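1. Mind looking at a prediction? Sequence and model below.
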Amino acid sequence: MDALIEKLKTQIIEQLNLAEVKPADINPDAPLFGDGLGLDSIDALELIVLLEKHYGIKIQDPKDGKTIFQSVRTMAEYIKSQGKS
Amino acid sequence: MDTTITTYTRIRRQGILSNDQLFYEHNGEAATFAGDAYKHLQLSYPKFHKMDLLCKAGLLATETALKDHASFQSLDMSRVAIVLANRASSLETDRQHQRSISDKSNYFPSPAVFVYTLPNIVIGEIAIKYKITGENAFFVCEHFDAALLHDYAETLLKSEHTDAVLAGWTDVDQGLTDTLIYLVERSTDSNKNTNFKPHSFETINQLYTL
Amino acid sequence: MIFASSYHNIISPLGLNSHENYEAVHSGTSPIKQHLFSFSADPFCVAHIDDSLIARATSCVKHAEKHTRLELLSLLSIQDVLQQSGINAGDKDLGLIYTTTKGNIDLLEGDHPGIDPNRVYLPVFANYLKQQLGLVNIPLVVSNACISGLLGIIMAQRFIEQKRCRHVIVCGGDILSEFTLSGFKSFNALSPEPCKPFDANRTGINLGEAVSSILITADETLAGHEKTQLVRGASANDANHISGPSRTGDGLLQAIQQTLVAGETLPGFISAHGTATPYNDEMESIAFERAGLTTMPVNSLKGYYGHTLGAAGVLETVISLMALHRQTFIKSAGYESKGVSGQIQLIDKTSPGTISSFLKTASGFGGCNGAALFMKA
């Protein structure tokens, strides 16, 4: 799980062009949206692309993103639950 | 009505020239220009890194032009217009989006790229950074057109709704940027005294040839 | 006084001229159909111009194959306006404003024998139209997202007032392409069903394709038999987000407030942008309510054409001008039950009425908004 979390952090930074953020800056339990990383609606769409591109997971209903993308940990748990890690 | 160009920034491959002073000289690769200039400016605006080069160039030029122009903050931002033009529209980013859909087995169009496939997004990015909510216009022209920029800014300044126009040219094609951003305001005694640049075709052309 | 003349054209899935289009809209026809594209597992709806319609249009065009699809439709549209108005293409007082988001973007993909790939550059494309039509003045391209068409009309008025030219043809055009479809798909913005602007069950946009042109002039003798004054227009920016509309409708409200002057009679209806995305329609309803337009009939024409991007502002103005002179409120197609929080009145049935003016609005990516007022002259 921890390895997946670390991998995800790097992928998020790359996919979302978070040039001033380092993996260590991201708390895996902190909310991804809202204050923390300053992510917005386009970033949410990019995270959907990230899951599809790197893990072959298609999110059918974008509304599911709300729960999946709560934090890096929830993302990792979701990937595990899909048997795609 | 007298109008004055109160501040300007010119960006070329070699660096950034602002209000007759060389502000930043770029000796590296063209590809590192925007990032290096951002560091040099000591900007802290994480959104910058998500932008395409067209928006980065527009934002760097605006930031440099406005940072020492203290009176800008006293303007009513709902009465500031943004009028920009270029030649290549958003083609640089268009090509990037096209590449993401050209291979059917590796087909991942990116929303964060696609959103920049409109040239007026640079107006939006500048508007967001400075909370400018006035008139918008993005023209696409074969050549730098000082007359068009001049005339359209004058029309807006003659209307009852516009006090200042952030105008210029920002073009990105094949990795190269070519940007001129300037602010036009109605002339006052104070802005006529310092570094006076009348708003005319000649001045705009002079600034572009810098 | 500046006139939005009755010399205009629409080439769309609903027909090759504005009359065919108006009749189809009036009778409630919609060409929006579900398609399955190779790049998407799920189907979605678009409004596509049938090849048979294009064939009908091009039967009289020599060497049609040397033009791109957008060039061909644009040339036909502009030529129709020139013919109707009797203005000579070579008139030195005539200007052309071309409004588009993507122009010949289809040239980025594949081989196009006999077509200069540089025509993907908008000024090169516009210059090609100039040469083909025999215009004197260099066309001006406006690319301002989804307000391009309406902004082009507002600019035409400003250029004429400034005496840059005496007549301006504003032509707006965008075609369906995998480029835009795949992009909007990545935004999860495309609806699998015909779009339902302002409706409680709206599920996103349908992309459409069209070219539409109109002559704007200071010359009353060229205003046509249905004279309309282009009173004024304005644009404004939300300064909020590059793709998400303002939650409070600030930019659209500002554009409307600068267009409607206190003390003047309120317009008879609003031709809204109404794309059928959840946030856009909600934002518009809030802006209309804040502008005090709570009792004014509102429609969106996207239910007939889909979203035609750079053409939308021109096309929707032309249909609204015709409705104005036919004293008709056009139903907001796809609308059944109100799904926005702002207090507004959607037109639920095409019906006769007494109308002397209308307000056209548009909003787009980059936070831009536009509004313009048209009045029977």
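-> Yes, it's here. All values derive from a computational prediction rather than experimental measurement.
2. from here on, contacts and neighbour counts on C-alpha atoms
-> OK.
3. Could you list which residues are in contact with the residue nearest the centre of chain B?
-> For chain B, B:G58 is the residue whose C-alpha lies nearest the centre (C-alpha atoms, centre = their mean; 3.4 Å). Contacts of B:G58 were listed using C-alpha atoms under 8 Å, 6 or more residues apart in numbering or on different chains, and they are B:V122, B:I126, B:T170, B:T179, B:I181.
4. Please identify, among those, the one with the most neighbours.
-> B:I181 (30 neighbours; other C-alpha atoms under 10 Å in any protein chain shown).
5. what about it, which helix or strand?
-> strand B:176-186 (DSSP states H and E).
6. and that strand, is it in reach of chain C?
-> No: using C-alpha under 8 Å from any C-alpha of the partner chain, strand B:176-186 never reaches chain C; the gap is at least 15.9 Å.
7. circling back to that earlier point, I'd like the distance between the residue nearest to the centre of chain B and chain C.
-> Distance of B:G58 to chain C, computed by C-alpha to the nearest C-alpha, to the nearest Å: 14 Å.
8. name the element that residue belongs to?
-> Residue-wise, B:G58 maps onto helix B:53-67 under DSSP H and E.
9. What would that helix look like as PDB? C-alpha coordinates only.
-> Extracted C-alpha coordinates of helix B:53-67, given in PDB (Å, rounded to 0.1, in the frame of the first residue of the first chain):
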ATOM      1  CA  LEU B  53       3.400  28.600 -23.100                       C
ATOM      2  CA  LEU B  54       1.000  31.200 -24.600                       C
ATOM      3  CA  CYS B  55      -0.500  31.800 -21.200                       C
ATOM      4  CA  LYS B  56       2.800  31.700 -19.400                       C
ATOM      5  CA  ALA B  57       4.200  34.400 -21.800                       C
ATOM      6  CA  GLY B  58       1.100  36.600 -21.400                       C
ATOM      7  CA  LEU B  59       1.200  36.300 -17.700                       C
ATOM      8  CA  LEU B  60       5.000  36.900 -17.400                       C
ATOM      9  CA  ALA B  61       4.700  40.000 -19.600                       C
ATOM     10  CA  THR B  62       1.700  41.300 -17.600                       C
ATOM     11  CA  GLU B  63       3.300  40.700 -14.300                       C
ATOM     12  CA  THR B  64       6.500  42.500 -15.300                       C
ATOM     13  CA  ALA B  65       4.600  45.400 -16.800                       C
ATOM     14  CA  LEU B  66       2.400  45.900 -13.800                       C
ATOM     15  CA  LYS B  67       4.700  45.100 -10.900                       C
END
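10. and the helix or strand following that helix, what's its mean pLDDT?
-> Reading on from helix B:53-67 to the C-terminus, the next helix or strand found by DSSP H and E is strand B:80-86. On average, the pLDDT along strand B:80-86 is 98.
11. pLDDT below threshold where in chain B?
-> Along chain B, segments meeting pLDDT under 70 span B:194.
12. hang on, the earlier thing: of all the contacts of B:G58, which comes closest to B:Y24?
-> B:Y24 has its nearest neighbour among the contacts of B:G58 in B:T179, at 14.1 Å by C-alpha to C-alpha.
13. wait, doesn't C:S177 sit right on C:D106?
-> Yes: counting by C-alpha atoms under 8 Å, C:S177 touches C:D106, with 6.3 Å between them.
14. lowest-pLDDT helix or strand in the chain?
-> All of this refers to chain A. helix A:65-68 (a mean of 88; mean pLDDT, DSSP states H and E).
15. ah, I was thinking of chain C
-> Lowest mean confidence among the helices and strands of chain C (mean pLDDT, DSSP H and E): helix C:51-58, at a mean of 90.
16. Quickly note the distance from the residue most central in space within chain C to A:I12.
-> Nearest residue to the geometric centre of chain C (C-alpha atoms, centre = their mean): C:A312, 1.9 Å. From C:A312 across to A:I12, the span is 37 Å (C-alpha to C-alpha, to the nearest Å).
17. and if you look at C:F125?
-> 39 Å.
18. Looking at the two, which has the bigger crowd around it?
-> C:F125 (22 against 18).
19. what's the more buried one sitting at in phi/psi?
-> Here is the backbone geometry of C:F125 (degrees, to the nearest 10): phi -60, psi -50.
20. Verify the stated contact: it with C:R119.
-> Yes: under the criterion of C-alpha under 8 Å, C:F125 makes contact with C:R119 at 4.7 Å.
21. Give me the common contacts of those two.
-> By C-alpha under 8 Å, 6+ apart, the residues touching both C:F125 and C:R119 are C:N104.
22. Now stretch C:145-155 - C-alpha only, CSV.
-> Output of stretch C:145-155 as CSV, limited to C-alpha atoms (Å, rounded to 0.1, in the frame of the first residue of the first chain):
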residue,chain,number,x,y,z
ALA,C,145,-14.2,30.9,-27.4
CYS,C,146,-18.0,30.5,-27.4
ILE,C,147,-18.7,34.3,-27.5
SER,C,148,-16.7,34.7,-30.7
GLY,C,149,-19.8,35.1,-33.0
LEU,C,150,-21.6,37.5,-30.8
LEU,C,151,-18.4,39.4,-30.1
GLY,C,152,-17.8,39.7,-33.8
ILE,C,153,-21.2,41.3,-34.3
ILE,C,154,-20.5,43.8,-31.4
MET,C,155,-17.1,44.5,-33.0
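23. residues contacting the nearest residue to C:C146 once chain neighbours are set aside?
-> Sequence neighbours aside, C:G364 is the residue nearest to C:C146 in space, at 4.6 Å (criterion: C-alpha to C-alpha, 6 or more residues apart in numbering or on different chains). C:G364 sits next to C:N144, C:A145, C:C146, C:I147, C:S243, C:P245 when contact means C-alpha under 8 Å, 6+ apart.
24. And the furthest pair within those residues?
-> Spanning the widest gap among the contacts of C:G364 are C:N144 and C:P245, at 15.1 Å by C-alpha to C-alpha.
25. who's more crowded, those two?
-> In terms of neighbours (other C-alpha under 10 Å), C:N144 is the more surrounded of C:N144 and C:P245; the figures are 32 against 27.
26. Pretty sure that one sits against B:V122.
-> No: look at C:N144 against B:V122 with C-alpha under 8 Å: they stay out of range, at 10.4 Å.
27. Name the nearest of the contacts of C:G364 relative to A:I68.
-> Closest to A:I68, out of all of the contacts of C:G364 and judged by C-alpha to C-alpha, is C:S243, at 22.5 Å.
28. Any idea how many residues pack against the closest residue to the closest one other than its chain neighbours?
-> In this structure, C:S243 finds its nearest non-sequential neighbour in C:F365, 4.9 Å apart by C-alpha to C-alpha, 6+ apart. The tally of other residues near C:F365 (other C-alpha under 10 Å) stands at 21.
29. measure C:F365 to B:V115 for me?
-> For C:F365 relative to B:V115 (C-alpha to C-alpha), the value is 8 Å.
30. Mutual contacts of these two, please.
-> What both C:F365 and B:V115 touch, as defined by C-alpha under 8 Å, 6+ apart, is the set B:I121, C:I242, C:S243.
31. For chain C, list the residues in contact with chain A, please.
-> So chain C meets chain A at C:S186, C:F187, C:N188, C:S243, C:G244 (C-alpha under 8 Å from any C-alpha).
32. Make a markdown table out of those residues and add secondary structure.
-> What follows is the residues of chain C next to chain A, written out as a markdown table (DSSP: H, G, I helix; E, B strand; the rest coil):
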| residue | secondary structure |
| --- | --- |
| C:S186 | helix |
| C:F187 | coil |
| C:N188 | coil |
| C:S243 | coil |
| C:G244 | coil |
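33. Fine by me, thanks again.
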